[in-house]
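K.L.:
sharing a sequence plus its predicted fold:
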Amino acid sequence: MSTPSSRQQSFFFYFNLSSSFFISFLSFFTQTTFAAQNNEASILFSWIHSSPSQPHFSFSSWNNIDPNPCNWTYITCSPQGFVTSISIQSVPLEIPLPPNLSSFHSLQRFIIYDANLTGSIPVDIGYCTQLTTISLGSNSLVGSIPSSIGKLQHLEELILSSNQLTGKIPVELGNCKSLKTLEIFDNLLGGAIPAELGKLSSLEVLRAGGNKDIVGKIPDELGDCSNLTVLGLADTRVSGSLPASLGKLSKLQTLSIYTTMLSGEIPPEIGNCSELVSLYLYENSLSGSIPPEIGKLKKLEQLFLWQNSLVGSIPEEIGNCSNLINIDLSLNSLSGTIPLSLGGLLELQEFMISNNNVSGSIPSSLSNASNLQQLQFDTNQISGLIPPELGKLSKLTVFFAWQNQLEGSIPPSLSSCTNLQALDLSHNSLTGSIPAGLFQLRNLTKFLLISNDISGSIPPEIGNCSSLVRLRLGNNRITGVIPREIGRLKSLNFLDLSSNRLSGPVPYEIGGCTELQMIDLSNNILQGPLPNSLSSLSDLQVLDVSTNQFDGQIPASLGRLVSLNKLILSRNSLSGSIPSALGLCSSLQLLDLSSNQLTGGIPLELGRIEALEIALNLSCNGLTGPIPPQISALSKLSILDLSHNKLEGELAPLAGLANLVSLNVSFNNFAGYLPDNKLFRQLPPADLDGNAGLCPASRDSCFLGSDGRGGLPRTENEVRRSRRLKLAIALLITLTVAMVIMGTIAMIRARKALRDDDDSELGDSWPWQFTPFQKLNFSVEQVLKCLVDANVIGKGCSGVVYRADMDNGEVIAVKKLWPTTMAASDGYDGDFARSSNTVAGSYGYIAPEYGYMMKITEKSDVYSYGVVVLEVLTGKQPIDPTIPDGLHVVDWVRQKRGGIEVLDPSLLSRPESEIDEMMQALGVALLCVNSSPDERPTMKDVAAMLKEIKHEREEYAKVDVLLKGSPAVDTKENKNSSGVPATSSSQPARQMYPKSNNSSFSASSLLYSSSSTPGVGLK
C-alpha cells in the first residue's frame, strides 16, 4: 500500500477538522434548542400549576416528565420545536397570564379566551415580536392595555373584549401596521379614541363599544382606515357629530354607534358607503332630517334610527334600498307622509314609525311589500282609510295603528292576513261594524278597538277565534247581545266590552272562558240576573258589571272566586241580601255594591276579608240593622261608604278602622256618640248628615272617649279636676320636649365628633356614589327623601325595597341594603361593571356561574338585579318558605311560565294598565336571570328596556273615582293614572323576546318583537 501524498494528508487533516467543528456546532445547536424548549416547558408547567386548585383535567399531558411542550394539549410548535401557538378556550383557569412571555421568541398565536384569567397583561408581551394573534377576550383581566403592544409589527388580531381593562386606548396601537382586527369592547376603558388609529390602513374591524367612559369626538382620521368593514362604538359616551370622513369607507358593512351622545345631523356622505348592510344609530341625539343619500345604499338591510330628534319627512329615496329588511324610525319627530316607494321593497319585513308626527294616509302600495311582518304606525297623525289592499300581506303578524286619525270602516280584507297575531286600531275614528272574517284568524291573540265609533253587533263568528287572548272593544257604539259563542274562547284572559250599548243577558256560556282574569262589561244596558257560571272562572281577578240593568240576587257562588280582588256591581237593580259567601273571597280588595236595591243586614262575614284595603261601598241601597262588630277587623280599609241606607245602632265598630281616609255614613238611622279619633274629628258634617239620633260632631261632648263615657262633665269638681289634669299634662309635655331637644343636641355633637374622627382617618367623609345607566330627571337627594317606612313595598334577604315618587312625577323602586349586605358587597360600585373573584352578595342573589367558575362579572350583577326585580314583583324572597318544593324564586317563576299568578296578590289590585307594565318588567327580569351569562342583557340594555315599557293608560274610571271619595259620579271616559283622558293603547315592548303567539303582555312573551331592540347591533 502506498503512503498518501502531502496534499492528501493535508486534505485529510482539514476534513477531520471540519467534521469535528460541524459535529460540535450541531451538538451545540441541538443543546441550545433543547434548552430553549425546556425553558418554555418549564415556564408553562409552572404557570398552569400556579393556581391553588388542581389544573383542569385537559392539562393532564402537561407534566415535567415530558420536557417537550410540543406534545402537550393546546400547544403547537415549529419544526424546530419552539412554541408557536398557545390556544386555550373556555377552560376555567383563574390564574394570571404566564410570566416571562418574552421567552417565547417564536410565539405567533396567543389565545386564552373565556378562561377567567385574572391579573393584568404583562408589558413584556410586546417583545414577542412574531405575534400575529392575541386573543384574551371574555376574562377578568384588569389594568391597562400595555403600550408595548405597539411594537408588534406582525400583529393582525388584537382581541381584549369583555374584561375589566381600564385606562386609555394606547396611541401606540397606531404603529401595528398589520393590524386587521381590534376588539376591545365591554371593558372599563376611558378617554378619547386615538386619532392614530387612522394610520391602520389594513384595519378591517374596530369594536370599542361598551366602554362607558370613552368620551370625545369620533376622530376624522378613522375615515383613512380604507379597509374597515365594521365600526362599533355603541354604548359609550362619544359625542359630537358623525364625521363626514366616514363616507370614505367604501368597504364598510356595519356602522354601529347606538346609545351614545352623538348629536348633529347624519352626514349625507354616508351614502358613499356603498357596501353598508347595517346602520345602527338609535338612542342618540341626532337632529336634522334623514339624508336622501341613504337611498344610494343598495345593500342596506338594517336601518335603526329610533329614539333620536330627527325631523322632516321620510325620504322617498329610501325605496331605492332594495335589500332593506328592517326599518325602525320610531320615537323621533318625523313629519310628512309615508313614502309610496316603500311598496317596492320586496324584502322588507318590519316598518316601524311609532311616536312621530307622520300624517297623510297609509299608502296602498305597501301591499306590494309582500314579506312584511310588522307594521307599527301608532301615535302619529295618520288619517284617511285603512287600505283594503293590506289584506294581501299574508305574512303580516302585527298591525298597530292606534292613536291616529283613521276613519272609515275596518276592511274585511284584513281577514286574509292569515298570520296576523295582533291588531290594535284603538283611539281612532273608525266606524262601521266589526268584520266577521277577522274572527276566522286562527293566530289572532290580541284584538283592540278601544275608543272608536264602531257600531253593529259582535259577530257570532267570534267563537272561531280560539287563539284570542285579549279582546278590548270598549268605548264604542256596539249594540246587540253578547254572543254565546264567546264561551268557546278557552284562551281569553281579558274581556273589555265596556261603554257600549250592549243589551240582553250575559250568556251562561261565558263560564267556558276558563282563563279569564278580567271582565269589564260596565256602562252598557245589559239585563237579567248574573249567571252562576261566573263562579267557574277560578282565575278571575276583576269583575266589573257596573252601570247596567242587572236584576235578581247576587249569586252566592261568587264566593268561590278566591282570586277575585275587584268586584264592582254598582248602579244596577240587584236585590235581595248580600250573600255571606262573599266573605270567602279572601283576595278581595275592592267591593262596590252601591246603587242597587239590596236589603237585609251587612254580613258579618265581610269582616273576614283581611285583604279588603281599597274600598267597601254599600251606599244607596236598603240595608238595615247595625254595623256588625266584625267590620272592625278590616284594619287595612281605606274607603268605607255606607250612606243612603236604613242602618241603625252606634258607630263604635268603626272606631278601630285606623287606616280609613274616607268615611260616609250619612242618611241612615245611626244614633249615639261618635268614636273619638282623628278621622271622626275631621269628618265633614255632610258625611254624618241624615242621622237624627247621632250626636253632632260640632260638639266635643259627642265623642266617645276610650273609657266608654261621653257627654259633658256632671259636677263642678269634675270640671276643676279636668283643668288640673290638663295643666299637669301640659307641663309634662313641655318637660319632655325640652329633654328631647337637649338629647338631640347632645347626639348631634357626639356624631359630629365621630365624623371628625373618621375624616381625620379617611381624609374626607364618604360621598354618595350615584352612577345612572341613563339620563335621569331626578337627583339622589330626591331618592333619599323617600326612604321612609311609609314607602316600604317589599323586604328581602338583603334589604328593603321602597317606592319613591320623584318631583317630576316618575315613580321608581329603590332597594336599601342591610348593613351586612353592604359589607358583603364591598368592592362593588354603582356602574355594575366591575368584577370580583370573591362572593359579593347574599345567598339567593348570586349568579349560578359562580358555582362552577368562581367568576363574578357585570352579567352576574345583572342576574342579581333580576332576582331583586322578581322579589319586588312576586313579594317572595329568593329562597322563600312559601314556594313549593324549596324552589328558588327564579325557578318558580319559570315553572309558572311567568304568568300573572306569580305577581304579589297585593299588586293585583292596581289598574290593569299598571299590571301590564309589571308583566313586562317581569319579562325583563327573566331575561336578566338567564342561566347563561352571555344571553343576559347588559345593565344599560335593561335600563333601556324598562324605559320603553309603555302602559296602556286606561284605568278603571270607577276605581279612580272611588279613591277620590266620589262614588256616585258617573264617569264613562277611560283615564290614565294621572286622571287625564287616555291617549294611547298598549305600547309594545320593543323586542325583549322573540315573536310569540301570546299577546297578553305576559312574561313568556313581552308582546311582539320590534327591531328597535336595546342592544341590536355590534359594540
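P.N.:
Thanks, I have it.

K.L.:
C-alpha only now, for contacts and for neighbours.
P.N.:
Will do.

K.L.:
how about low-confidence regions in the stretch 901-1019 of the chain?
P.N.:
Within the stretch 901-1019 of the chain, the segments meeting pLDDT under 70 span 913, 940, 944, 947-1015.

K.L.:
50 instead, please
P.N.:
For the stretch 901-1019 of the chain, residues meeting the criterion pLDDT under 50 lie at 950-1014.

K.L.:
with the stretch 101-250 of the chain instead?
P.N.:
For the stretch 101-250 of the chain, no range has pLDDT under 50.

K.L.:
then the chain?
P.N.:
1-35, 706-716, 718-719, 753-775, 796-798, 819-841, 851-855, 950-1014.

K.L.:
tell me where it has helices.
P.N.:
Counting by DSSP state H, the chain has helices at residues 6-48, 678-682, 716-762, 780-785, 819-824, 850-853, 858-874, 889-895, 912-928, 939-948, 957-963.

K.L.:
check contacts around Gly559.
P.N.:
By C-alpha atoms under 8 Å, 6 or more residues apart in numbering, the residues touching Gly559 are 535, 581-585.

K.L.:
now render those as a markdown table, adding neighbour count.
P.N.:
Formatted as a markdown table, these follow (neighbours: other C-alpha atoms under 10 Å):
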| residue | neighbour count |
| --- | --- |
| Ser535 | 18 |
| Ala581 | 16 |
| Leu582 | 25 |
| Gly583 | 21 |
| Leu584 | 17 |
| Cys585 | 24 |
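
K.L.:
show me the protein divided up by domain.
P.N.:
The chain breaks down by the TED database into domains covering 42-268+276-281, 288-430, 778-817, 841-949.

K.L.:
of the contacts of Gly559, just say which sits nearest to Leu136.
P.N.:
For these, the minimum distance to Leu136 (C-alpha to C-alpha) is 60.2 Å, reached by Cys585.

K.L.:
ok, the closest one touching Leu561?
P.N.:
Yes. Taking contacts as C-alpha atoms under 8 Å, Cys585 lies within contact range of Leu561: 5.9 Å.

K.L.:
state the distance from Pro92 to Ser53.
P.N.:
Pro92 sits at a distance of 11 Å from Ser53 (criterion: C-alpha to C-alpha, to the nearest Å).

K.L.:
no, scratch that, I was asking about Ala728
P.N.:
75 Å.

K.L.:
which residues are in contact with Val358?
P.N.:
Counting by C-alpha under 8 Å, 6+ apart, Val358 has contacts 313, 334-338, 380-382.

K.L.:
what about the residue lying closest to it once chain neighbours are set aside, how many neighbours?
P.N.:
Spatial nearest neighbour of Val358, chain neighbours left out: Ser335 (4.3 Å); criterion: C-alpha to C-alpha, 6 or more residues apart in numbering. A count of nearby residues for Ser335, using other C-alpha atoms under 10 Å, gives 19.

K.L.:
next one: Ser335 from Leu425, what distance?
P.N.:
20 Å.

K.L.:
ok, now Asn548?
P.N.:
For Asn548 relative to Leu425 (C-alpha to C-alpha), the value is 26 Å.

K.L.:
who's more crowded, the two?
P.N.:
Leu425 (25 against 22).

K.L.:
how much space between that one and Ile482?
P.N.:
Leu425 is 21 Å from Ile482, by C-alpha to C-alpha.

K.L.:
repeat for Ser335
P.N.:
Using C-alpha to C-alpha, Ser335 is found at 41 Å from Ile482.

K.L.:
same thing with Leu228?
P.N.:
From Leu228 to Ile482 the distance is 63 Å (C-alpha to C-alpha).

K.L.:
out of these two, which sits in the more crowded spot?
P.N.:
More neighbours surround Leu228 than the other of Leu228 and Ile482, with 25 against 21 (other C-alpha under 10 Å).

K.L.:
what's the burial count for the spatially closest residue to that one that is not a sequence neighbour?
P.N.:
The spatially closest residue to Leu228, leaving aside those adjacent along the chain, is Glu204, at 3.9 Å (C-alpha to C-alpha, 6+ apart). Glu204: 20 surrounding residues under other C-alpha under 10 Å.

K.L.:
got a list of contacts for stretch 361-373?
P.N.:
Here stretch 361-373 makes contact (C-alpha under 8 Å, 6+ apart) with 337-351, 382-398.

K.L.:
same question for stretch 119-135.
P.N.:
By C-alpha under 8 Å, 6+ apart, stretch 119-135 touches 95-97, 99-113, 140-160.

K.L.:
pull out the buried residues from the residues you listed.
P.N.:
Neighbour-count burial (16 or more other C-alpha atoms under 10 Å) applied to the contacts of stretch 119-135 gives 95-97, 101-113, 140-146, 148-160.
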